[in-house]
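S.K.: coordinates only, sequence not included:
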């Protein structure tokens, strides 16, 4: 977990520094950028190595054997998430193309189209919530 936090922190720091450099108009940014990129890639690879090579004793716990009911629960969780994502893809495809056409003609309708896209994305969120509820019962 420490390695993952290290990777995410490094990426967030580099994004923030890049934004500040662009905003302030920092001259000579190429050398600074390359040195920062080298350091950040070293930190990311170190974090990834820590994440992948942690001692397996940290992850071991006593687990009870699972029966067929648990297997069906896992299948139900996967199907609910998969079908919700499939429905979201279909909804976003139709709403997104209509939204692009509308924004091309009336740019002031951008906020309304984003609301409709958000509603169609909600389908996937509901599927994930249902699958988490199913997994919580196993």
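M.R.: Good, I have the coordinates. Only a predicted model underlies this, so the values are computations on that prediction, with no experimental measurement involved.
S.K.: need phi/psi at residue 53.
M.R.: Backbone torsions for residue 53, taken as degrees, to the nearest 10, come to phi -110, psi 20.
S.K.: same thing with residue 44?
M.R.: Here is the backbone geometry of residue 44 (degrees, to the nearest 10): phi -70, psi -40.
S.K.: all helices for the chain, in order.
M.R.: Applying DSSP state H to the chain gives helices spanning 2-24, 29-52, 68-105, 110-137.
S.K.: TSV for those, including mean neighbour count and mean pLDDT?
M.R.: C-beta: built from backbone N, CA, C; applies to glycine. Shown next, in TSV, are the helices of the chain (neighbours: other CB atoms under 10 Å; pLDDT from 0 to 100):
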stretch	mean neighbour count	mean pLDDT
helix 2-24	13	73
helix 29-52	13	74
helix 68-105	14	89
helix 110-137	14	89
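S.K.: residues contacting the residue lying closest to residue 81 once chain neighbours are set aside?
M.R.: In space, and not counting its chain neighbours, residue 81 is closest to residue 131: 4.5 Å by CB to CB, 6 or more residues apart in numbering. Applying CB atoms under 8 Å, 6 or more residues apart in numbering to residue 131 gives the contacts 76-78, 80-81.
S.K.: got it, and residue 109?
M.R.: Contacts of residue 109 (CB under 8 Å, 6+ apart): 102-103.
S.K.: 6 Å - rerun?
M.R.: Contact analysis of residue 109 by CB atoms under 6 Å, 6 or more residues apart in numbering lists residue 102.
S.K.: likewise residue 127?
M.R.: Going by CB under 6 Å, 6+ apart, residue 127 touches 80-81, 84.
S.K.: what about 8 Å?
M.R.: Contacts of residue 127 by CB under 8 Å, 6+ apart are 80-85, 87-88.
S.K.: with residue 138 instead?
M.R.: Contacts were defined as CB under 8 Å, 6+ apart; by that measure residue 138 touches 66, 69-70, 73-74.
S.K.: could you measure from it over to residue 126?
M.R.: When distance is defined by CB to CB, to the nearest Å, residue 138 is 19 Å away from residue 126.
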